[in-house]
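J.: Need coordinates for the following:
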Amino acid sequence: MNIRQKVVLYNPAAVFHTMPLGLLAIGSNLDPARFDVRIIDARIEPHPLLAVVREAEDAICFGVTMLTGRPLGDALAVLRAVKRAYPALPTIAGGWHPSLFPVETLEEASIDIVVSGQGERSFAELVERLSRGETVEGVAGTIYRDGDRIVKNKPRALESLDAFTPPNFDLIPVERYFAFKKRRQLDYITSIGCNFRCAFCADPFVYGRDWKAASAVRLGEQIETLWRRYRFTDLNFQDETYFTHRDRVAEICEEFLRRGLEFTWAGTLRADQGVRLPDDVWRLCVQSGLRRVLVGVETGSHKMMERIRKDTTVDAVLETAAKCREHDIAVIFSFIVGFPDETEEEVEATLGLIKTLRAMSTKFETPLFYYKPYPGSSLATKVAEEMPGTLEEWAQFDYVAGAAGGWVSSALRRRIERFKFYNRYATGLEQGSGHPLHRMARWRISNDFYAAPIEKFVVQHFRHEQSLS
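T.: Take a look at the predicted model:
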């Protein structure tokens, strides 16, 4: 009788409940006849550390995905506990942070191997080696510790997602994610990487501005199978840039319609992609269920657009917004302020564009975040002295809700904080349109009056805001 070897994978604690698609991808590409994959997700597991230590007892390796920010702290605690319990068990770190800082990550004694970039092929080869008791020398896409040496194997090029086994959602308790999300929403990735060069983003560093995707027909087959099994009502595409190729987008829509699939869906869209998307494809998207897009605007300043290499324009943002309003599509327009060397005038241009977009449609959200120096991005080199130097320090960074960098003046921070608060409540998403706070927030935003923000003090006194990263 063939006894399957156990592989344990861990997703660290966080406050969001997106399905662990990275772990699903690497776990699904191991031979199920030979390997028993156990995914433990601290976000839905009541006692994650106990579960990990129990499962790791007879495993051949333990893998952790590590996202820069607060999830690193939980990842480190669990890795160290596993290493104390099973010193000989190979531990593997993958995900954004190890991909950016493989050598620094391996300075942590509880981590033996790093998988960098796209992990499906590298992890499968790595597990094969470990299952036979062999070294990992020569496994492309990995970096490992050999005694006191850190050895870098050659990097691995991106491959089309069609080259891999599609994610096996049997590896996770799908219904529990639905329950935590409070909706039957399935997360999915159809492509990896990004062709663009944004100076604040680490994606160009990790994937070399490359982009690979699953074909429309194969994707249609996979989504149909999942929909008929789980009957999800919403499909949330987690691609970096879902609308990269408009013909592919149209083909996917046609696949959904031809197969009679009934759900809504959401995806990521650049403003320049929205401008280039023909009206017939917009209509096809809506017909197939498109309910919302996420557009990373970042700034309302033409000069700042150029400085951060966004390769789009404010005019393109407004044109895409008009198209979304025309087709009754909801949009999250995300913004960033507090870039290094950003002037007050450039910040004011961003706040002005936020007000313009918010006034265009009640379906438009305009969240505002502070710039954080993501490791590996070219813009981060300007403030390198303010960046953390250890995994523990990176774990204290809150990339979503954290404070502005030290280079932003206190007066400007105060104005931004007040604007952020009233912009949040002016949308009517937190409260009904007739709520006094909603009316006051709209009045303050419309009149640019933020002095004596009594409402802000009251709300923040009674409502604790969680860190989101």
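J.: so what are the domain limits for this structure?
T.: Residue ranges for the structural domains of the chain, counted by automatic domain parsing, are given in the record as 5-152, 183-408.
J.: Could you export those to TSV, including columns for mean neighbour count?
T.: For every residue, glycine as well, the C-beta is placed using N, CA and C. Compiled in TSV, the domains of the chain are given as follows (neighbours: other C-beta atoms under 10 Å):
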stretch	mean neighbour count
domain 5-152	20
domain 183-408	18
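J.: Output those domains as JSON lines; include the columns distance to Y425.
T.: Putting the domains of the chain into JSON lines (distance: least, C-beta to C-beta, whole Å) gives the following:
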{"stretch": "domain 5-152", "distance to Y425": "21"}
{"stretch": "domain 183-408", "distance to Y425": "11"}
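J.: which one of these has the lowest average pLDDT?
T.: Out of the domains of the chain, the stretch the model trusts least by mean pLDDT is domain 183-408, with a mean of 93.
J.: Kindly check the end-to-end length of that one for me.
T.: Domain 183-408 has an end-to-end distance of 39 Å (criterion: C-alpha to C-alpha, to the nearest Å).
J.: Where do the helices of the stretch 301-450 of the chain begin and end?
T.: Across the stretch 301-450 of the chain, reading from the start of the chain, the helices by DSSP state H, counting those that start in this stretch fall at 302-307, 314-326, 344-360, 391-395, 410-426, 436-447.
J.: Can you say which of these is nearest to I150?
T.: Ranking these by proximity to I150 (C-beta to C-beta) places helix 391-395 first, at 15.1 Å.
J.: quick revisit: nearest to A271, of the helices of the stretch 301-450 of the chain?
T.: Between A271 and those, the tightest spacing by C-beta to C-beta is seen for helix 314-326, at 4.2 Å.
J.: I'd like to know which elements that closest one is packed against.
T.: The criterion is 3 or more C-beta pairs under 8 Å, 6 or more residues apart in numbering; DSSP states H and E, and the helices and strands that helix 314-326 contacts are helix 271-276, helix 279-288, strand 290-298, strand 330-337, helix 344-360, strand 364-365.
J.: what sits against A51?
T.: I40, E45 (C-beta atoms under 8 Å, 6 or more residues apart in numbering).
J.: hang on, the earlier thing: nearest to V64, out of the helices of the stretch 301-450 of the chain?
T.: Scanning the helices of the stretch 301-450 of the chain with C-beta to C-beta as the criterion, the closest one proves to be helix 391-395, at 11.8 Å.
J.: starting at the chain centroid, how far to that closest one?
T.: The chain centroid and the centroid of helix 391-395 are separated by 19 Å, computed with C-alpha atoms, centre = their mean, to the nearest Å.
J.: picking that back up, switch the helices and strands packed on helix 314-326 over to JSON lines; also include distance to V78.
T.: Rendered in JSON lines, the data for the helices and strands packed on helix 314-326 read as follows (distance: least, C-beta to C-beta, whole Å):
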{"stretch": "helix 271-276", "distance to V78": "39"}
{"stretch": "helix 279-288", "distance to V78": "41"}
{"stretch": "strand 290-298", "distance to V78": "31"}
{"stretch": "strand 330-337", "distance to V78": "31"}
{"stretch": "helix 344-360", "distance to V78": "39"}
{"stretch": "strand 364-365", "distance to V78": "34"}
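J.: could I get the helices of the stretch 301-450 of the chain as JSON lines with distance to A42?
T.: Converted to JSON lines, the helices of the stretch 301-450 of the chain look like this (distance: least, C-beta to C-beta, whole Å):
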{"stretch": "helix 302-307", "distance to A42": "37"}
{"stretch": "helix 314-326", "distance to A42": "36"}
{"stretch": "helix 344-360", "distance to A42": "34"}
{"stretch": "helix 391-395", "distance to A42": "14"}
{"stretch": "helix 410-426", "distance to A42": "28"}
{"stretch": "helix 436-447", "distance to A42": "34"}
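J.: Indicate which one of the domains of the chain is closest to R444.
T.: The stretch from the domains of the chain with the least distance to R444 (C-beta to C-beta) is domain 183-408; that distance is 11.2 Å.
J.: Could you point out which of the helices and strands packed on helix 314-326 sits nearest F178?
T.: F178 lies closest to strand 290-298 among the helices and strands packed on helix 314-326, at 17.3 Å (C-beta to C-beta).
J.: what lines up beside the closest one in the sheet?
T.: Strands flanking strand 290-298 in the sheet, each with its direction: strand 264-268 (parallel), strand 330-337 (parallel) (DSSP bridges).
J.: Kindly reformat those strands as a markdown table containing distance to H438.
T.: Supplementary listing: the strands paired with strand 290-298 in a markdown table, determined by distance: least, C-beta to C-beta, whole Å:
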| stretch | distance to H438 |
| --- | --- |
| strand 264-268 | 25 |
| strand 330-337 | 18 |
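J.: Phi and psi next, for the residue nearest to L161 when sequence neighbours are not counted.
T.: Distances taken as C-beta to C-beta, 6 or more residues apart in numbering place A214 nearest to L161, at 4.0 Å, with adjacent residues excluded. Listed backbone geometry of A214 is phi -90, psi 150, with angles given as degrees, to the nearest 10.
J.: A214 and W394, how far apart?
T.: From A214 across to W394, the span is 32 Å (C-beta to C-beta, to the nearest Å).
J.: just P278 next, same as before
T.: From P278 across to W394, the span is 43 Å (C-beta to C-beta).
J.: likewise E348?
T.: 32 Å.
J.: same check, this time on A349
T.: Remark: distance between A349 and W394 (C-beta to C-beta) = 31 Å.
J.: Check D311 too.
T.: Using C-beta to C-beta, D311 is found at 28 Å from W394.
J.: so C61 sits right up against G94, yeah?
T.: No. If you go by C-beta atoms under 8 Å, C61 and G94 don't touch, sitting 11.7 Å apart.
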